[in-house]
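# model this:
(chains A, B, C and D)
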Amino acid sequence: MNKVYKNAKEALAGVESGMTLMLGGFGLCGIPENCIAELMELGLTDLTCISNNAGVDDFGLGLLLQKRQIKKMISSYVGENDEFERQMLSGELEVDLIPQGSLAERCRAGGAGIPAFFTPAGYGTEVAEGKEVRFFNGKAHILEHALEADFAFVKAWKGDRYGNLIYKGTARNFNPVMATAGKITVAEVEELVEPGELDPYFIHTPGVFVQRIFQGSNYEKRIEQRTVRTK
Amino acid sequence: MNKVYKNAKEALAGVESGMTLMLGGFGLCGIPENCIAELMELGLTDLTCISNNAGVDDFGLGLLLQKRQIKKMISSYVGENDEFERQMLSGELEVDLIPQGSLAERCRAGGAGIPAFFTPAGYGTEVAEGKEVRFFNGKAHILEHALEADFAFVKAWKGDRYGNLIYKGTARNFNPVMATAGKITVAEVEELVEPGELDPYFIHTPGVFVQRIFQGSNYEKRIEQRTVRTK
Amino acid sequence: MLNKNQIAQRIAQELKDGWYVNLGIGIPTLVANYVPEGIEVEFQSENGILGMGAFPFDGEEDADMINAGKQTVTLNPGAAIFDSSVSFAMIRGKHIQLTVLGAMEVSENGDIANWKIPGKMVKGMGGAMDLVASADNIIVAMMHTNKRGESKLLKTCSLPITGVKCVNKIVTNLAVLDIENGAFRLLERAPGVSVEEIQNATEGKLIIEGDIPEMKLNME
Amino acid sequence: MLNKNQIAQRIAQELKDGWYVNLGIGIPTLVANYVPEGIEVEFQSENGILGMGAFPFDGEEDADMINAGKQTVTLNPGAAIFDSSVSFAMIRGKHIQLTVLGAMEVSENGDIANWKIPGKMVKGMGGAMDLVASADNIIVAMMHTNKRGESKLLKTCSLPITGVKCVNKIVTNLAVLDIENGAFRLLERAPGVSVEEIQNATEGKLIIEGDIPEMKLNME
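Residues are numbered from 1 along each chain as shown, chains lettered A, B, ... in the order given. Model prediction:
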C-alpha cells in the first residue's frame, strides 16, 4: 500500500475543469499551497471551490480568482480579498456563503455517510431560505445537507505512505474534515516519514481517508495579521 | 479553573436514582471502573445506562445489573452476559438496541448540538420501526436523534486539571464521544498530570467537555479474550 | 462616554471563574486584556483553540498558530488544538459559557445583524451564525450609533440578520442594556452620559426604571 | 467440502492490494491469516483500529489493545487508533472496500439476518447494521446449512433482518455464490461437492448456468 506521489503535478492527475474541489485551511493558515499552485499551472476553469476562505488578492485561492478559474465559491468568510468582492458584487462569481460551523459539519457529514442533519445555525436568516425547518425541544433548526468533492486538497505537517496525517497547531482547522469528504483526497505534507514514525495513538487523519500523498516544497506560509508584543 | 476531585465518591456528588448515564468503554476495555464501583456503592436504582456493552456477569455494568440498579440499557451489543440476557428475555430490563455506529453518532450529536441526522443503518429492520424514512441519492435513510445524559462517565489514560484527556490504545472507543454529551462529564484518569504536560496538538478530549476529573485507583483492566501467540 | 478599551473592560466584569469564552473580532478581542484578578477563564478561538494566550514575542510568531482574526497568537499551558468540526461542536453544543461579538445593528427583540450590507459589503458570516444560534449568553460590544450618528439599537434590523432573538446584553460607548421582553432595558450609564442622551441615541423601545447608576470602571 | 479455515482462505482470494477490510467475528476473522502474497491490505476493527496486526506474544498482551471481538491484538507499523464515531464515519462513508461477516440467514435478494433470534437470543447487532447498510462490497462467510441441516440460503429470511439487499457474495462450506437479480448465482463448487448437493442445500432460487468449476485453493 503506497499512496506516495512525486509532486503536486503527479498527485493532481485527473483533476478537470468544472470539478468540485475542497481546499483545507483557515485564512492562509494550513492551505495546500502546492496544490493551489498546480491548479493555477493547469489552467483549469469553471471550478467550484469549497473552502472556508478565499485567500487574499495575491495568495491562496485569490490566485485562482485572479485568473478567473473559479466559477463558484462555497465559503463562510471571504473578506480580506478585494478582487473576490468585486467579482461577487458584479455577479461574475457565484457565491454560496455558509455558517462556518455548518460548513465544517457538512464536510464531516459528507465523509461520514450522513446525508443530512439539523442545526440551529442560520435559522431565521437568508441562509435558511428554502430549507426545511423543524423544531426540537422548542428550538428551531434547519436541515443542512452533506458536502462532497471530486478532489479534496489538504495540507498536513507530517504524513506516511499509508496516508496517516498529523497537523501543526491551528493549521489543522478544516483539513481533517475535508480529508474525509473527497472522492480522491490529496494530502501535501511538509515531511513524509516512514510508517511507524507517527504515534498510532495520535494520528489526526487516519490514512483510510487519503488516496494520494506527496511531500510539498517551498512553503511560503504567509501571515495575514502579524501581531506581536515586545519583550 | 480546577476541575479536580479527590476520588469517585466526591466526583459523583449529585448522581441520583432515575438518572440517565453514559458510560464509555468497549467490552471491558476503557470502562470507568472507579465510577461504576461508586455507583454500586451508592446503591442508586432505576438508572438508564447508555453504554455500547453491558459488561460481563461479574464486572463492568454487569455489577449494576446483578444488583438490579439498572432499569434500562441503551446499547449495541450485550452478549457475554447471561444475567443480562435473562433479565431482558424475562422483561425485567428494558433494552434499546441500537446499531453501534448510530449509537456513537447519536452521542456525538448530543454533544455537538445536532438534534437529529439521517443514517442508512437499520433501514428496513426492526430498528427503523416508527422512524422517519427519507431517500437521499436514491438510498433509504432513517432519522436518528441525539442522545444526552445527566452524567457521562469516561475513563482516560492521562488528564490535567483543565479536563484535557488522552486515551491509551483502543480504550479510547466511545469515551471521547460520550465525554461531549454529559450535562456533567466525570473523567477518571490513570494519571493526573500538570497543565502543559499534555501536548496541546494531541489532546483527544479538550477540557471544555469535562466538568470533573479525578485520578482513579486499583484498575483491574480485565481482559475478555486473552488471545496470544507463542514466540 | 467609553472608548473601545473601556467597553471591553466593562464587558470583562461579566466574566466568571471557570468560563469558556469566545471573543469576536474587534472590540471583543480586547476583553482578554481585562480579565479580573482572581478568576480564570479560557478563551476559545473557533479556528480550533482552547486556551488561547497572548500575542507572541516579536520574532516568535508562527504562521501555523493564529486565532480566528488571523492574528498570530500563543497557547497557554493546558491549551488544546482541534479541528473546525470539533470547534463548532463546542459552540453548537453549548459548551461555551459566553460569546462576545460586534454588531452593525441590534433590534429590541434581540435580533442581530453583522454580516452583510446588500450590494455593498459581503464578507460572510464566518462563525457568527453558529455562535448566535447556539449560545445562551451573548453580549454585543459596539458603538451606540453609526458613523452617521444613527442609532444601532433599533425597533427592527434593516440589514440581513445573523440570528433571531439571541442577544442578551449590549455594552456600548454610552450604556449597558439587557434585552428583555422585546425591549432594551437600560442598566447602567457610561460616566458622564445622561439617560436622555442614551434615550436619544436609541431608536428601539427603551425601558428606564428607577435610578440608572453610572457604571463603575476600575481605571488605573 | 470446506472447513472454516478453507472458507476463510477462499475469501482471502477476493482481497485486492490497497484495500481496507473489516472482518467480523468468527470465520471472517480467519481471513487475515490468508492474505495472498504480494498484496497489502489494512484491517479495520470497528472499536477503533486501522492496521490491526497479529495476536500479541504471550506475556505482551495489553488490556487496552483489543479488537471488536474483544481479543487482544497488536498494531502494524502505520496503524492508527481513533474513536467510535470516527470508526463508523469510515464505515458509513464507504471508505472500507470490503466487509466480511457471518450470517444466520441470507435471502435470495441479498437480505441478511445475524443479530437476533426472537425470544431466544438477543446479543444485539453491534456494528453489523452500520456495516451492511453502507458497504458496497459485502461477503458473507457461513455454513451452507444450519445444525439441523436446513438451508441458510433462503427465499426470505425468517429471522429479523440486519440489512436489506446488501449481500454481494457468499462463501460457504459447499460453494461460492453471488447475489444477482433476486437469486443466488452459483459460481464455484467446493472440492468434491456436486452441483446437485448444492442445489439440495439451497432453499432460495439458484441460478446454475454452464459448467460450474471447482474452486481452487492453494492448500499446502
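# so in the chain, where's the weakest helix or strand by average pLDDT?
In the absence of a named chain, chain A is used. None of the helices or strands of chain A scores lower by mean pLDDT, DSSP states H and E than helix A:82-89, at a mean of 86.
# wrong one, I was asking about chain C
Lowest-scoring helix/strand for chain C, mean pLDDT, DSSP H and E: helix C:27-30, at a mean of 93.
# so what touches the next helix or strand after it?
Following helix C:27-30 in sequence order, the next helix or strand is strand C:42-45 (DSSP states H and E). Outside strand C:42-45, the residues that touch it by CB atoms under 8 Å, 6 or more residues apart in numbering or on different chains are A:170, B:1, B:162, B:207-208, C:19-23, C:32, C:49-52, C:67-68, C:73, C:76, C:78, C:87, C:90-91, C:96. Yep, even glycine has a C-beta here, placed from its N, CA and C like the rest.
# chain D contacts on chain A?
The interface of chain A toward chain D, taken as CB under 8 Å from any CB of the partner chain, is made up of A:1, A:108, A:110-114, A:160-162, A:164, A:180, A:194-196, A:200-201, A:203, A:206-209.
# just those: which are in helices?
Among those, the members falling in helices (DSSP state H) are A:108, A:110-112.
# what sits up against the least confident helix or strand of chain A?
Helix A:82-89 has contacts (CB under 8 Å, 6+ apart) with A:54, A:57, A:62, A:65-66, A:73, A:78, A:93, A:95, C:119-123.
# output the set of residues of chain A in proximity to chain B.
Counting by CB under 8 Å from any CB, chain A comes close to chain B at A:105, A:109, A:112-120, A:134, A:136-137, A:139, A:141, A:145, A:166-169, A:199, A:201-202.
# quick revisit: among the contacts of helix A:82-89, which one has the most neighbours?
Counting neighbours by other CB atoms under 10 Å in any protein chain shown, A:A54 leads the contacts of helix A:82-89 with 29 neighbours.
# and that one, how far is that from A:D96?
Between A:A54 and A:D96 the computed distance is 12 Å (CB to CB, to the nearest Å).
# repeat that for A:Y201.
Counting by CB to CB - A:Y201 and A:D96 are separated by 38 Å.
# and A:K3, by the same measure?
A:K3 sits at a distance of 31 Å from A:D96 (criterion: CB to CB).
# ok, the two, which is more surrounded?
Here A:K3 and A:D96 are compared on neighbour count by other CB under 10 Å; more neighbours surround A:K3, at 20 against 12.
# quick one: contacts for that one?
Under the criterion of CB under 8 Å, 6+ apart, the neighbours of A:K3 are A:161-163, A:207, A:210-213.
# ok, of those, which one's closest to chain C?
Nearest to chain C among the contacts of A:K3 is A:V210, at 15.0 Å by CB to the nearest CB.
# residues in contact with the closest one?
A:V210 neighbours (CB under 8 Å, 6+ apart): A:3, A:154, A:159, A:163-165, A:179, A:185-187.
# out of those residues, which two sit at the greatest distance?
A:N164 and A:V186 (14.7 Å; CB to CB).
# do you know how far the closest residue to A:Y219 other than its chain neighbours is from chain C?
Excluding the flanking residues, the one nearest A:Y219 by CB to CB, 6 or more residues apart in numbering or on different chains is A:E33, at 5.9 Å. According to CB to the nearest CB, to the nearest Å, A:E33 stands 11 Å off from chain C.
# what distance do you get for A:E33 to chain D?
Distance, A:E33 to chain D, using CB to the nearest CB: 25 Å.
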